[in-house]
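Novice: Here you go, sequence then predicted model.
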Amino acid sequence: MDEDMSDEPLPYQQDLTCPVCQGIFQDPMLLPCTHSFCRECLQKSWQVNRKCPVCRKEFEEVQAIPNRALKDTAESFLKQSNRRTKQYPPSEEVCNLHLKPLELFCEKDEEPVCVDCVTLHSMHRLFPLKEAAPMCKKELGYKVQILEKKVKEYTKISLKFNSTVEYVKYQAGQAEKQIKAEFERLRQYLVREEVKRLKALANEEEEKIADIQELIAKTDKDIVDLNELIDSLKKEMGNEDLPLLRNFQKLKRRAQWTNEEPCLPYCEPLLVMSRHVGGLSFNIWKNMQAVVNYYPVVLDPNSASPWLSLNEDLTSMKESAERLTVPDNNMRFDPCVFVLGTDGYDSGKHKWDVIVSDNPKWIVGVCNDSVIRKKRFTVSPARGVWAIGLSKGVYMVHTKERTELQVQQRPERIRIKLNIEKGEVSFWDGGRAKHLVTLTHKFEEKVFPIFGPGLHTTPMALVPGKIAVHTS
């Protein structure tokens, strides 16, 4: 009898299928409109819309009663189905539910189905396996192309990281050379200080390089993983149609690359050169005041335009004869020819002098930390810059209206005074202590000194500040 049953379709399957979940009834409930649904399906539907999911007639929850006859029939059907499944276990070539060959592919559910499954996919598009396989291969082919492109991008990024490592080593070498020269001059007083600073430099170099090498290692690993993923997808794409289609959903999910694209961290990946060489002599002024120069502002080489050359002390700047080979980090101005001071201010009073000498073109002032770095912009408060400058023989206040600044004598030294609390930045002729102009603004973010020496060979230099020692 079982052998006869195995060759026949399971009876009443469509009549025993819940219209909501498309599965065999589980604890069916009968509505006044005579339609039946699984208890759980009916409860979920009633919470959303108190109407019959089939005929849309309204009903109260208490009107739904158990359909015992239908329940018994469904349970008998499932037992019979289970017996057949045990006697004839499903294979990869047949439908698990109907035990019939998988001859169609559902586009929406992305899985092979048999002809008896058509009623369960009545609203879906179905394709023969021969038509579906090329479609899926084509989609996976697009995924492979995207991943191959990603490999190329990651390779370029890895090369950029390697060049950054080399530049960090170059910075470390330059800093080490300068530190040794400075400490040699003061050797008899500062042997222990020299060791301390070289150690700090080495630690930061190691830390920066280690951080970047970690990124490189991760990027290289991503490249390996991507290549392995590509190879595995290509291998799967070479399989026969049915195995390919059965694994299509899994392959499609595997082809989704969700890892973040590697990039240098927003926090500065290069050495903080000013920590080691900027104002170095000031940091040892207690014992060597006679030979110490203190600079209220030192320049940040990691923000300097590639067309600017800074001296070893980071206290003067001038045009470079050729574009310098420096990493294109987030802080660097390019193409605008500017450089910032190392330290920004969000409170207090600050003052510094800069020698502009006879340069025919320059800009000095302060700017927001968020000032544009990677494209040209008009210098004005609207762009987060409060500055004065000289161009074509005219002294100018860089406001929206471009106000001309009247001066009786050519100033060779400009003094900038910044008062954060009062919201003022004032400009003076530093040589004659004569006030030029004051700009006002409510500073809501950290501001930095900004310098634009123009493309001229005469250096723009910062002026050492006065040192005062107070003891109590």
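Specialist: Here it is on my side, so go on.
Novice: And the pLDDT for Val339?
Specialist: Looking at Val339, its pLDDT is 96.
Novice: Let me fix that, I meant to ask about His470.
Specialist: Per the predicted model, pLDDT is 68 at His470.
Novice: What of Leu270?
Specialist: Confidence at Leu270, expressed as pLDDT, is 86.
Novice: For burial, what's the neighbour tally of Ile230?
Specialist: 18 (other C-beta atoms under 10 Å). C-beta here means a position set from N, CA and C on the backbone, and glycine is covered the same way.
Novice: ok, then the element right after the host helix or strand of it?
Specialist: Following DSSP states H and E, one finds Ile230 within helix 187-237. For helix 187-237, the following helix or strand on the C-terminal side (DSSP H and E) is helix 241-246.
Novice: Tell me which residues are up against that next one.
Specialist: With contact meaning C-beta atoms under 8 Å, 6 or more residues apart in numbering, helix 241-246 is reached by 92-93, 102, 105, 111-112, 129-130, 132-133, 136-137, 236-237, 251.
Novice: Show me which helix runs longest in the protein.
Specialist: helix 129-185 (DSSP state H).
Novice: ok now it, how far from the chain's centre?
Specialist: Computed by C-alpha atoms, centre = their mean, to the nearest Å, the chain-centroid distance of helix 129-185 equals 14 Å.
Novice: what's the angle between it and helix 187-237?
Specialist: Relative orientation of helix 129-185 and helix 187-237, computed by axes from the mean of the first three to the mean of the last three C-alpha atoms, to 10 degrees: 170 degrees.
Novice: which helices and strands does helix 129-185 pack with?
Specialist: If you count contacts as 3 or more C-beta pairs under 8 Å, 6 or more residues apart in numbering; DSSP states H and E, helix 129-185 packs onto strand 104-106, helix 187-237, helix 241-246, helix 248-254, helix 273-276.
Novice: Which of the ones you listed sits closest to Pro301?
Specialist: Judged by C-beta to C-beta, the one of the helices and strands packed on helix 129-185 that comes nearest to Pro301 is helix 273-276, at 5.4 Å.
Novice: Adjacent strands (with direction) for the helix or strand just after the closest one?
Specialist: Counting by DSSP H and E, the next helix or strand C-terminal to helix 273-276 is strand 308-310. Applying DSSP bridges, strand 308-310 is found paired with strand 316-319 (antiparallel).
Novice: Nearest spatial neighbour of Ala175, chain-adjacent residues omitted?
Specialist: Counting by C-beta to C-beta, 6 or more residues apart in numbering, His276 is the residue found nearest to Ala175 once chain neighbours are left out, at 4.8 Å.
Novice: In the stretch 351-472 of the chain, where is pLDDT below threshold?
Specialist: 469-472 (pLDDT under 70).
Novice: one step back: for the record, mean pLDDT for the longest helix of the chain?
Specialist: 91.
Novice: What of stretch 243-262?
Specialist: Mean predicted lDDT for stretch 243-262 stands at 86.
Novice: returning to that earlier point: want to try a markdown table for the helices and strands packed on helix 129-185, with distance to Phe427 as columns?
Specialist: As requested, the helices and strands packed on helix 129-185 are exported to a markdown table (distance: least, C-beta to C-beta, whole Å):
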| stretch | distance to Phe427 |
| --- | --- |
| strand 104-106 | 74 |
| helix 187-237 | 35 |
| helix 241-246 | 73 |
| helix 248-254 | 62 |
| helix 273-276 | 24 |
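Novice: looking at those, which is closest to Glu424?
Specialist: helix 273-276 (26.1 Å).
Novice: The closest one: which residues count as buried?
Specialist: Met273, Ser274, Arg275, His276 (16 or more other C-beta atoms under 10 Å).
Novice: Remind me what it packs against, helices and strands.
Specialist: helix 129-185, helix 187-237.
Novice: For Ala255, find the nearest of the ones you listed.
Specialist: Nearest to Ala255, of these and by C-beta to C-beta, is helix 129-185 at 3.8 Å.
Novice: can you list the domains in the chain?
Specialist: As assigned by automatic domain parsing, the chain contains the domains 1-89, 149-276, 293-462.
Novice: Might you report the residue contacts of Thr315?
Specialist: With C-beta under 8 Å, 6+ apart, Thr315 has these contacts: Tyr295, Val298, Leu299, Ala461, Leu462.
Novice: just Pro296 next, same as before
Specialist: Contact analysis of Pro296 by C-beta under 8 Å, 6+ apart lists His350, Lys351, Trp352, Leu462, Gly465.
Novice: about what we covered before: please tell me which one of the contacts of helix 241-246 counts the most neighbours.
Specialist: Result: Phe105 is most packed of the contacts of helix 241-246 (other C-beta under 10 Å), 26 neighbours.
Novice: nearest residue to it other than its sequence neighbours?
Specialist: Ala132 (3.4 Å).
Novice: same question, Gly454
Specialist: Using C-beta to C-beta, 6+ apart, the closest residue to Gly454 is Lys361 (3.7 Å).
Novice: how much space is there between the one you found and Thr458?
Specialist: Separation of Lys361 from Thr458 (C-beta to C-beta, to the nearest Å) stands at 11 Å.
Novice: Between the contacts of helix 241-246, which sits nearest Trp428?
Specialist: When the contacts of helix 241-246 are compared against Trp428 (criterion: C-beta to C-beta), the nearest one is Leu251, at 70.7 Å.
Novice: gap between the closest residue to the closest one other than its chain neighbours and Val297?
Specialist: Leaving aside its sequence neighbours, Leu251 sits nearest to Glu236 (C-beta to C-beta, 6+ apart; 5.5 Å). Computed as C-beta to C-beta, the Glu236 to Val297 distance reads 61 Å.
Novice: What of Cys33?
Specialist: Cys33 is 84 Å from Val297, by C-beta to C-beta.
Novice: Compare these two and say which one has the larger neighbour count.
Specialist: Higher neighbour count among Cys33 and Val297: Val297, with 26 against 15, using other C-beta under 10 Å.
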